[in-house]
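Student: show me how the following folds:
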Amino acid sequence: MKVYAVILCGGSGQRMGREGNKTLLKVGGVPAAVRCVRAFSEKTEGTVLVVRAGEEALFADTLRTYGEHVLAIVPGGADRQESALQGLLALPDQEGIALIHDGARPFVTGEIIGRVIAGILAYGAAAAAVPVRDTVKRADANGLVLETLNRSELWQMQTPQGANIACLLEAHRTSAARYTDDAALLEAAGFPVQLVLGGYDNIKLTSPEDLRMANNCSLPRIGHGYDAHRLVPGRKLILGGVEIPCEKGLLGHSDADAALHALMDALLGAAGMPDIGYQFPDSAPEYEGISSLLLLEEVGKRLREKGFTVGNCDVTIIAQAPKLAPYIAAMGQNTARALGVPAENVNFKATTTEGMGFEGEGQGISAHATALIYQEE
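Tutor: Model prediction:
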């Protein structure tokens, strides 16, 4: 059965004390909405983003910057319920399962998404939630306690929430009231909803305190990488994914892009993962002559699978010749595109050794790289 996601990104930053759409606020260097799209990409056939009218191009540009894509970006309605309906109607077909998620919950995980899908398959509808951990009391308008509620029966609702698409559409058609979440809408239409375990860190960005807490959950890690290759005739010179006119090129099993090799080792080192020689051994024929940009894309994917997000990267290329300044900008753009990060998060530099060492004598080229990544905990 096909599974789709509808991510609601129509919230303002008014209570956050920020201008603009709060789902574009960065958490660990990445907009909240982008984090949500990435979380659902492994579990669904595709995602529809529902945004405020007039912000479609803004979200399209943001997704493009981070190397993500969605099925559609559509304007929402006057409230959450109407926006969810617009997202459902934009799905490519009306069969299967739809998961509706708040774009301001950037820490949703594949495990939570999987549990909601399993609940829908078993009961027809399900929602992520966590048991209430504090004592809850009901009070009157003056704050006087009316009763103490039984905490063991209380759950705090989260997203994603979802059901078979047909059930959701029927619930919307028959609704005579407005509800604050999809579970309540389904309940009112007579559909049973199973609560599945969400996560206490699956927080929603509502206030400045939420944003500070979210960023405190993103722990920075730093890595360093180094690589060097010999210059030989009959090879292309490729650095930062750019082919540079030169009489000699770098010798290696792949395209021998020393700059990207250093960067990949920096990223892998920051994540505590084995280096590129382990990840892509030169004994493997499938890597012979391969573009290092493709290997970098794969490194980025493996980092995301481990829960890491790339922050920024800095690469220094050491070569006596040729002059690399005309190609530096293209190197940064190639790298940013491969990693799915903004171009301003990637920096390339080139320097000579004033004739000293193997680089200065024109025997080879080396590169150093540092990388900052974030891990959610």
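
Student: helices of the stretch 201-350 of the chain, start to end?
Tutor: Counting by DSSP state H, counting those that start in this stretch, one finds helices in the stretch 201-350 of the chain at the ranges 208-216, 258-270, 276-279, 292-305, 328-339.

Student: can I get these in TSV including distance to residue 122?
Tutor: Backbone N, C-alpha and C define where each C-beta goes, glycine included. Below are the helices of the stretch 201-350 of the chain laid out as TSV (distance: least, Cβ to Cβ, whole Å):
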stretch	distance to residue 122
helix 208-216	32
helix 258-270	39
helix 276-279	38
helix 292-305	27
helix 328-339	38
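
Student: nearest to residue 311, of these?
Tutor: Evaluated with Cβ to Cβ, those place helix 258-270 nearest to residue 311, the distance being 9.2 Å.

Student: for the closest one, which helices and strands make contact with it?
Tutor: Packing contacts for helix 258-270, counted by 3 or more Cβ pairs under 8 Å, 6 or more residues apart in numbering; DSSP states H and E, involve strand 218-233, strand 237-239, helix 276-279, helix 292-305, strand 308-318, helix 328-339, strand 364-376.

Student: go again with 6 Å.
Tutor: On a contact count with 3 or more Cβ pairs under 6 Å, 6 or more residues apart in numbering; DSSP states H and E, helix 258-270 meets strand 218-233, helix 276-279, helix 292-305, strand 308-318, strand 364-376.

Student: with distance to residue 93, mean neighbour count and mean pLDDT added, can I get those in a markdown table?
Tutor: A markdown table is the format used below for the helices and strands packed on helix 258-270 (distance: least, Cβ to Cβ, whole Å; neighbours: other Cβ atoms under 10 Å; pLDDT from 0 to 100):
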| stretch | distance to residue 93 | mean neighbour count | mean pLDDT |
| --- | --- | --- | --- |
| strand 218-233 | 37 | 17 | 92 |
| helix 276-279 | 38 | 16 | 94 |
| helix 292-305 | 28 | 19 | 94 |
| strand 308-318 | 32 | 21 | 94 |
| strand 364-376 | 33 | 23 | 91 |
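
Student: of those, which approaches residue 125 most closely?
Tutor: That would be strand 364-376 among the helices and strands packed on helix 258-270, by Cβ to Cβ, at 28.2 Å.

Student: hmm, residue 28 is touching residue 309, no?
Tutor: Yes. Using Cβ atoms under 6 Å, residue 28 is in contact with residue 309, at 5.2 Å.

Student: which residues are in contact with each of the two?
Tutor: residue 374 (Cβ atoms under 6 Å, 6 or more residues apart in numbering).

Student: where does the chain dip in pLDDT?
Tutor: Along the chain, segments meeting pLDDT under 70 span 12-19, 210, 212-218, 376-377.

Student: tell me the domain ranges of it?
Tutor: The record's domain split for the chain, according to automatic domain parsing, is 3-216, 218-376.

Student: can you get me a residue count around the closest residue to residue 239 other than its chain neighbours?
Tutor: Nearest residue to residue 239, sequence neighbours excluded (Cβ to Cβ, 6 or more residues apart in numbering): residue 259, at 4.7 Å. Neighbour count of residue 259, defined by other Cβ atoms under 10 Å: 31.
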